[in-house]
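> mind folding the following:
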Amino acid sequence: METQEIKALIKEIVREVLQEERLTLYNTLFSYRNNTENQEWNQFSLEQAMRGLENDHLPEYTEADIIEKWQ
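Numbers count the residues shown, from 1 in each chain. Alright, predicted model coming up:
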């Protein structure tokens, strides 16, 4: 192989490695962003579902209230 061919081959290999690294970084960041977004939506959903229940007087249940027991 000539020097020019070796240089071209090295450049191509470096290009491919960089592309793979970019893809890995993109997938990692995308996954993190989606996970964070899902956590935020879950928190928001829970807050909306529980809104107004803070001062609500809910009955306190005991084992005596259970009609059917699972074993």
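> any idea which element the residue most central in space within the chain lies in?
With distances taken as CA atoms, centre = their mean, the chain has Asn35 as the residue nearest its mean C-alpha position (2.0 Å). When elements are assigned from DSSP states H and E, Asn35 belongs to helix 3-50.
> pLDDT averaged over that helix - what is it?
Across helix 3-50, the average pLDDT comes to 90.
> how about stretch 57-71?
80.
> start to end distance for that stretch?
Start to finish, the residues bounding stretch 57-71 are 31 Å apart (CA to CA, to the nearest Å).
> can you check stretch 51-63 too?
28 Å.
> check stretch 64-71 too.
16 Å.
> off-centre distance for that stretch?
Here the centre of stretch 64-71 is set off from its chain's centre by 38 Å, with CA atoms, centre = their mean, to the nearest Å.
> then stretch 48-56?
Here stretch 48-56 is found 27 Å from its chain centre; the criterion is CA atoms, centre = their mean.
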